[in-house]
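Novice: what follows is a predicted structure for the sequence shown.
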Amino acid sequence: MQRISNEACLINALLHTENPEAAKLRGIQPEMFVAFKSEYRWLLNYKEIYNSTPSINTVLTKFPAFPVQDERDVDFYCDEVRYAYTTRELSRTLNTAAQHLSQDDLESAVFTVSAFTPPSQKGVPLTNTLVDESFLENWDTAEETYRVPWQTLDDATGGLHKGDLWYVAGRLGQGKSWSLGAFARTLALSGKRVLFVSLEMSERQVQQRLHIMLGNTLGSKITHSDLRNRNITPLQYSELMSTIREKVTGSVSVLDFSRGPVTPAKIQSMIKDYDAAIIDYAGLLSSSLGSRAVEDWRTMAAISNQLKEVAVATDVPIVSAAQINREGDTSGWKPPKVKNLSQSDALGQDGDVVLTQKQYGKANMVYSIEKNRHGEGQQLFFTEFGPNQGKFEEVSAQVAKRSYEQYRINEANNDDNYA
């Protein structure tokens with residue numbers, strides 16, 4: 001028997017198994033065919049119009065030269081057609097990239113190659129969501145979410161959901177990194193594995209902060225200045241770490257700037273080994289072309305969108321710090337709004353939760369849940385802000401207000417003394 005092409009074999013297999021849509025459900029599209037594109041498109045249209053499979057005689061009436069053969073292995077020939085199509089497309093992509101290189105246009109060449117995506121193995125059959133009751137099978141099993149540091153935030157959002165992208169935003173020097181540390185502490189204490197991407201602080205600096213924060217939770221009195229200035233003995237530090245090793249069931253791994261530029265693709269390649277990722281901060285991430293997010297709002301927008309795609313694709317939540325622009329640096333005590341986010345359109349759209357913050361006096365922080373895809377937004381709450389002692393617990397508005405008023409009195413007295 002004469003060997004016929006893989007394209008013809010696939011069409012024969014669809015005809016003989018009487019399942020014309022089987023290849024479509026496996027991601028095979030008409031543009032993947034070269035010699036038999038018209039036949040495959042006609043076969044799909046025939047099924048859609050008549051809701052049946054055409055007979056061999058009907059096919060030959062329409063396409064007299066079509067080579068009929070008894071084939072039934074749909075999966076094999078789907079793979080063969082997909083492989084041939086991918087080979088052609090990759091070759092075309094590489095030729096285009098080579099043309100860019102010949103014109104000394106390295107950036108376009110890299111973009112062309114990075115944009116190439118092989119066709120998916122299978123299509124995704126969809127159901128009618130209006131009557132799909134499959135979720136009832138797990139009705140008694142609550143959705144797994146991760147605790148967040150503060151009760152008001154946890155109640156408002158239901159916790160950190162898998163696939164979420166959260167932004168924690170504030171002006172320079174307002175304690176965003178400490179807030180991210182509070183997330184890392186809570187996740188580690190609840191047994192989660194955390195990837196901490198630090199693009200401003202070294203791994204050792206992050207480690208010191210987490211040691212203080214965890215130590216405070218576990219009863220240690222060692223302060224951040226004690227560690228920074230080495231006011232404790234190696235034995236005391238070793239005992240603190242022994243307590244952490246014994247009582248903290250989760251882990252935190254730090255990817256810092258010393259390991260080179262970090263892109264969303266690099267995060268995606270690592271994140272599968274963790275339960276959550278924390279990024280300090282999004283503006284210092286790089287694109288696949290090497291440009292940094294802070295250099296161009298379009299780059300920041302693309303990176304933010306890619307972070308959301310990584311979170312959804314891996315089912316791993318991501319919490320990232322973000323900057324507030326100058327317009328958000330007001331004299332009032334309330335935190336900034338979403339509109340004050342640097343590149344706000346992109347970050348505000350991509351973020352499932354946007355949390356803004358501002359120091360409230362000397363010893364407190366005020367947060368605003370500016371966006372909340374899981375519930376009510378526009379809620380304020382207050383916490384301690386004691387980075388030296390690792391104190392960041394939530395407090396009532398009344399407690400924070402009293403502390404703030406005392407801070408204002410002290411400031412006024414200091415001004416009088418200087419005068």
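Specialist: On my side now, so go ahead. Residues are numbered from 1 along each chain as shown.
Novice: how close does Ile279 get to Val197?
Specialist: 5 Å (CB to CB, to the nearest Å). In this view, the C-beta of every residue, glycine as well, is placed from N, C-alpha and C.
Novice: who touches both of these two?
Specialist: Jointly contacting Ile279 and Val197 under the rule CB atoms under 8 Å, 6 or more residues apart in numbering are Ile267.
Novice: now do the residue nearest the centre of the chain against Ala282, distance only.
Specialist: Geometric centre of the chain, nearest residue: Ala311, 3.1 Å, by CA atoms, centre = their mean. Distance, Ala311 to Ala282, using CB to CB: 12 Å.
Novice: what does Gln208 give?
Specialist: Computed as CB to CB, the Gln208 to Ala282 distance reads 23 Å.
Novice: between the two, tell me which one has more neighbours.
Specialist: The residue with more neighbours, out of Gln208 and Ala282, is Ala282; 29 against 16, by other CB atoms under 10 Å.
Novice: if we ignore the residues flanking it in sequence, what's nearest that one?
Specialist: Ser320 (4.5 Å; CB to CB, 6 or more residues apart in numbering).
Novice: name the SS class of that neighbour, please.
Specialist: For Ser320, the secondary structure call by DSSP: H, G, I helix; E, B strand; the rest coil comes out as strand.
Novice: tell me how many other residues crowd it.
Specialist: 25.
Novice: ok, now Asp154?
Specialist: For Asp154, using other CB under 10 Å, the count is 17.
Novice: hmm, it is touching His161, no?
Specialist: No - the pair Asp154 / His161 is not scored as a contact, 11.8 Å apart, by CB atoms under 8 Å.
Novice: okay, and the common contacts of these two?
Specialist: Residues touching both Asp154 and His161 by CB under 8 Å, 6+ apart: none at all.
Novice: wait, is Ser91 part of a helix?
Specialist: Yes - per three-state DSSP, Ser91 lies within a helix segment.
Novice: and for it, the neighbour number?
Specialist: Ser91, neighbours per other CB under 10 Å, totals 10.
Novice: repeat that for Glu246.
Specialist: 9.
Novice: next helix or strand past the host helix or strand of it?
Specialist: Assigned by DSSP states H and E, Glu246 falls within helix 234-247. Sequence-wise, the next helix or strand downstream of helix 234-247 (DSSP H and E) is strand 251-256.
Novice: for Lys176, list the residues it contacts.
Specialist: Val168, Ala169, Gly170, Asp280, Tyr281, Ala321, Gln357.
Novice: close enough to count as contact, the first one and Ala322?
Specialist: Yes - counting by CB under 8 Å, Ala322 is a contact partner of Val168 at 7.0 Å.
Novice: mean confidence for the helix or strand encompassing Leu187?
Specialist: Per DSSP H and E: Leu187 is located in helix 176-189. The pLDDT scores in helix 176-189 average 96.
Novice: which parts of the stretch 301-419 of the chain are strands?
Specialist: Here the stretch 301-419 of the chain has its strands, by DSSP state E, counting those that start in this stretch, at 318-323, 353-360, 364-372, 379-384, 394-395.
Novice: redo those strands as JSON lines? Include mean pLDDT and distance to Ala115.
Specialist: Converted to JSON lines, the strands of the stretch 301-419 of the chain look like this (pLDDT from 0 to 100; distance: least, CB to CB, whole Å):
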{"stretch": "strand 318-323", "mean pLDDT": "93", "distance to Ala115": "23"}
{"stretch": "strand 353-360", "mean pLDDT": "94", "distance to Ala115": "29"}
{"stretch": "strand 364-372", "mean pLDDT": "94", "distance to Ala115": "30"}
{"stretch": "strand 379-384", "mean pLDDT": "95", "distance to Ala115": "41"}
{"stretch": "strand 394-395", "mean pLDDT": "95", "distance to Ala115": "45"}
